[in-house]
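what would the 3D arrangement of this be:
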Amino acid sequence: MIPTSKTEGQNVLGQTPSSPTQHQNRMCSDSSGDTNLSAAFTNTTYNSASPCLPGSWTATNDVEQSMTLRKGLCRYPKAIMWSVLFSLTLIMEGYSTILVPNLYSLGPFRRQFGTLQHNGDYEISAIWQSALVNGALAGQIVGLFAAGWLAEKIGYRRTLMTGLAAITAFITITFFATSKPMLLVGQCLLGAPWGVFQTISTVYAGDVLPVQLRGYLTTYVNACWVIGQLIASVVLRTMLSISSQWAYRIPFGLQWAFPIPIFAVVLLAPESPWWLVRQDRFKEAKTSLRRLRRQDEDESIADFDAGLEETLRYIKQTNDSEKEAQSGTRYIDCFRGVDRRRTEITCMCWIIQTLCGSTFMGFSTYFYEQAGLGARHAFTLSLAQFALGLLGVLASWLLLSYLGRRTIYLSGQILTFLCVLLIGILACIPHSHPSTSSTTTNVPRSTGGRVAVGESRTGGPGPIPWAIAALLLVFTAVYDATIGPLCYTLVSEIPSTRLRSKTIVLARNCYNISGIITNLITPRMLNPTAWAWGAKAGFFWAGTSVVGIVWSYCRLPETKERSFAEIDILFRNKTKARKFKGTRIVGATQRREEGGTSKANEA
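Take a look at the predicted model:
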């Protein structure tokens, strides 16, 4: 990122630091107290021959500490704007990925792709439900690895534009699909550009935005997904009155509204200055820096330009250092030494998103229907669900200011565990089920075996289905205020500097693989032609939630208000996860304060 982390020696965008020599001397002083961390960095990305950290690291640290959030917002509005515009791809992806799972409850879609059941209803088999969702996930795995290679070869902008061009073509397949195999091919192909969008937008934002906005930026990624899902829910809700094939073709076709304007935005956007420096294109890198920062009112043009030159020098210096450190590193290095623990934590942070039962949200419309609500109520509740999710993300920004990452993440898991457990308990209480009620058997088959859009003639669902629906709404609000957005913050802070990109790719693909597994079993749990658990599936997710809670309590460290340098030291000293918060780093010494006593250990 342009304003640097404390371990990367980057300069804040456009800022000229004070004398590096003064900072170098300060860092080398034996009596420097809390700032003397040199003993803990024998194997960092810096020159191991030097016993001291580079002066640029300390200069950047001073500038970062003096810059407030408000100043960062005022100084980098253009960088924020480009980051937000790049993130439109994630809104598009959130819209697209939620379509097929929620179309399972739409009558025209089921009549086209489902099979007729003995009660006159149409159902898509659990096997095909899983295949259609998992085909997209398989494509995402390919897209993730391809994005990492393409981005380094042709740049972030061109990689993103390639993905946008590809998705424009692939939408055609799903729009004109008339059979399940054709729809599956479209889903698999669409998954590849979705994988590209998952990485490029976030990496680009990390390059152009200041560290002060890191927590807000990473949680904003989750907000983009929720916004896209909310838009999809609104569209699907309006399709309920359409009985023809256009009820599902229109939502597919609306995907074309995204790529062209986003393509134009990306075409005009500045390339990442970090990528340009890696390609030795320094003049273009300086131009990008100028387009990403606003000149202060009391800053002369000469000072502004000098600051850009200084930033460019520091980017090159950091790039040269990282290039040397990256030499010889491979994906296998993520599983060696201290990095093995960091990889485990990063991967589990994402896997927990599936262990907690979040697939209920992905199949929410279908879940509501199988829990005993009609299609109209199901789509309306899904709309409310994603609106609550967006409010949850906004609430997470407030929580980040007052609570630690570990506290928020663990508390969220406990609350979602209670929600899915109560859902399972309520499902055991006998209640009427409109979708399987005998009153629907006399409905003409042309309507898909349902009265109008899924309502029962008996007066609608009873209190139990509504209670189950309310619990899923609570689950969504809690998830999107805690587990959902905090995951992105944690995975950006836990990995080591030199293996960060590799670790995140591995972790995201672990999430996709776990998603494939859960998407194989969830339709079987809910589908009346398979296991037919319905809302009783809450018991299963309560069990997997316990696994996540126990792991988080034992293994998830607290990284709030920790610099990357401090996190490195804590991991190298094998500090227990529960001790991260209370461990003080003073020079080359760790002081663990327990019960009023402190124990010093050499860092």
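
look up how far residue 549 lies from the closest residue to residue 545 other than its chain neighbours.
Excluding its sequence neighbours, the residue lying closest to residue 545 (Cβ to Cβ, 6 or more residues apart in numbering) is residue 417, at 4.0 Å. All C-beta atoms are positioned from the backbone trio N, CA, C, and that covers glycine. As judged by Cβ to Cβ, to the nearest Å, residue 417 and residue 549 stand 6 Å apart.

what about the two, which has more around it?
Taking other Cβ atoms under 10 Å, residue 417 and residue 549 do not tie; residue 417 has more neighbours (23 against 18).

count of residues packed around residue 280?
Residues lying near residue 280 (other Cβ under 10 Å) number 9.

quick one on the thing from earlier: helices and strands around the helix or strand the residue nearest to residue 545 falls within, which ones?
For residue 417, the element it lies in under DSSP states H and E is helix 405-427. Applying 3 or more Cβ pairs under 8 Å, 6 or more residues apart in numbering; DSSP states H and E, we find helix 405-427 packed against helix 337-355, helix 375-402, helix 463-481, helix 483-493, helix 537-555.

who does the third one touch, helix- and strand-wise?
When contacts are defined as 3+ Cβ pairs under 8 Å, 6+ apart, helix 463-481 sits against helix 359-362, helix 364-370, helix 375-402, helix 405-427.

wait, which of those is closest to residue 256?
Proximity to residue 256 (Cβ to Cβ) singles out helix 375-402 among these, at 21.7 Å.

pick the most buried one from the helices and strands packed on helix 405-427.
Comparing those by mean neighbour count (mean count of other Cβ atoms under 10 Å), helix 483-493 comes out on top with a mean of 24.

residues making contact with it?
Helix 483-493 is contacted from outside by 202, 206, 214-215, 218-219, 221-223, 226, 345-346, 349-350, 352-353, 356, 358, 389, 392-393, 396, 400, 405, 408-409, 412-413, 416, 500, 503-504, 507, 556, 559, 562, 564, 567, using Cβ atoms under 8 Å, 6 or more residues apart in numbering.

how about low-confidence regions in the stretch 101-250 of the chain?
211 (pLDDT under 70).

quick one, strands of it?
115-116, 122-123 (DSSP state E, counting those that start in this stretch).

need those strands in TSV with mean neighbour count, can you?
Formatted as TSV, those follow (neighbours: other Cβ atoms under 10 Å):
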stretch	mean neighbour count
strand 115-116	14
strand 122-123	20
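
okay, the ones you listed in TSV with distance to residue 261 next?
Formatted as TSV, the strands of the stretch 101-250 of the chain follow (distance: least, Cβ to Cβ, whole Å):
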stretch	distance to residue 261
strand 115-116	39
strand 122-123	37
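
between those strands, which gets nearest to residue 421?
Residue 421 lies closest to strand 122-123 among these, at 28.2 Å (Cβ to Cβ).

distance from that closest one to the middle of the chain?
Relative to the chain's own centre, strand 122-123 is displaced by 33 Å; criterion: Cα atoms, centre = their mean, to the nearest Å.

what helices or strands is that strand leaning on?
Contacts defined by 3+ Cβ pairs under 8 Å, 6+ apart place strand 122-123 against helix 107-113, strand 115-116.

so which of those is the most surrounded?
helix 107-113 (a mean of 22).

contact partners for residue 198?
90, 93, 140, 143-144, 147, 508.

going along the chain, name the strands of the stretch 501-603 of the chain.
Taking DSSP E, counting those that start in this stretch as the test, the strands found in the stretch 501-603 of the chain are 583-586, 589-594, 597-602.

picking up where we left off before, buried sites along the helix holding residue 417?
Using 16 or more other Cβ atoms under 10 Å as the test for burial, helix 405-427 gives 405-427.

and what of stretch 355-365?
Buried residues in stretch 355-365, counted by 16+ other Cβ under 10 Å: 355-365.

care to break this structure down by domain?
Domains of the chain are assigned by automatic domain parsing as 78-269+335-555, 271-322, 571-602.

in TSV: those, plus distance to residue 68.
Listed next are these as TSV, based on distance: least, Cβ to Cβ, whole Å:
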stretch	distance to residue 68
domain 78-269+335-555	7
domain 271-322	14
domain 571-602	24
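
most tightly surrounded among those domains?
Most buried of these by mean neighbour count (mean count of other Cβ under 10 Å) is domain 78-269+335-555; its value is a mean of 21.

any chance of the helices and strands packed on helix 463-481 in a markdown table, plus distance to residue 80 and mean pLDDT?
Converted to a markdown table, the helices and strands packed on helix 463-481 look like this (distance: least, Cβ to Cβ, whole Å; pLDDT from 0 to 100):
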| stretch | distance to residue 80 | mean pLDDT |
| --- | --- | --- |
| helix 359-362 | 29 | 78 |
| helix 364-370 | 32 | 76 |
| helix 375-402 | 15 | 86 |
| helix 405-427 | 23 | 94 |
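
and those helices as a markdown table, adding distance to residue 495?
As requested, those are arranged in a markdown table below (distance: least, Cβ to Cβ, whole Å):
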| stretch | distance to residue 495 |
| --- | --- |
| helix 359-362 | 26 |
| helix 364-370 | 32 |
| helix 375-402 | 20 |
| helix 405-427 | 14 |
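
among those, which is nearest residue 152?
helix 405-427 (29.7 Å).

alpha carbons of the closest one, as PDB, please.
Extracted C-alpha coordinates of helix 405-427, given in PDB (Å, rounded to 0.1, in the frame of the first residue of the first chain):
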ATOM      1  CA  ARG A 405     -10.700  -8.500  16.400                       C
ATOM      2  CA  ARG A 406     -10.600 -11.700  18.400                       C
ATOM      3  CA  THR A 407     -13.400 -10.600  20.700                       C
ATOM      4  CA  ILE A 408     -15.700  -9.600  17.900                       C
ATOM      5  CA  TYR A 409     -15.000 -12.800  15.900                       C
ATOM      6  CA  LEU A 410     -15.400 -15.200  18.800                       C
ATOM      7  CA  SER A 411     -18.600 -13.400  20.100                       C
ATOM      8  CA  GLY A 412     -20.100 -13.600  16.700                       C
ATOM      9  CA  GLN A 413     -19.500 -17.300  16.500                       C
ATOM     10  CA  ILE A 414     -21.200 -17.800  19.900                       C
ATOM     11  CA  LEU A 415     -24.200 -15.800  18.900                       C
ATOM     12  CA  THR A 416     -24.600 -17.500  15.500                       C
ATOM     13  CA  PHE A 417     -24.300 -20.900  17.300                       C
ATOM     14  CA  LEU A 418     -27.200 -20.000  19.500                       C
ATOM     15  CA  CYS A 419     -29.200 -19.000  16.500                       C
ATOM     16  CA  VAL A 420     -28.700 -22.200  14.500                       C
ATOM     17  CA  LEU A 421     -29.300 -24.300  17.600                       C
ATOM     18  CA  LEU A 422     -32.600 -22.600  18.300                       C
ATOM     19  CA  ILE A 423     -33.600 -23.000  14.600                       C
ATOM     20  CA  GLY A 424     -33.000 -26.700  15.000                       C
ATOM     21  CA  ILE A 425     -35.000 -26.900  18.200                       C
ATOM     22  CA  LEU A 426     -38.000 -25.000  16.700                       C
ATOM     23  CA  ALA A 427     -38.000 -27.300  13.700                       C
END
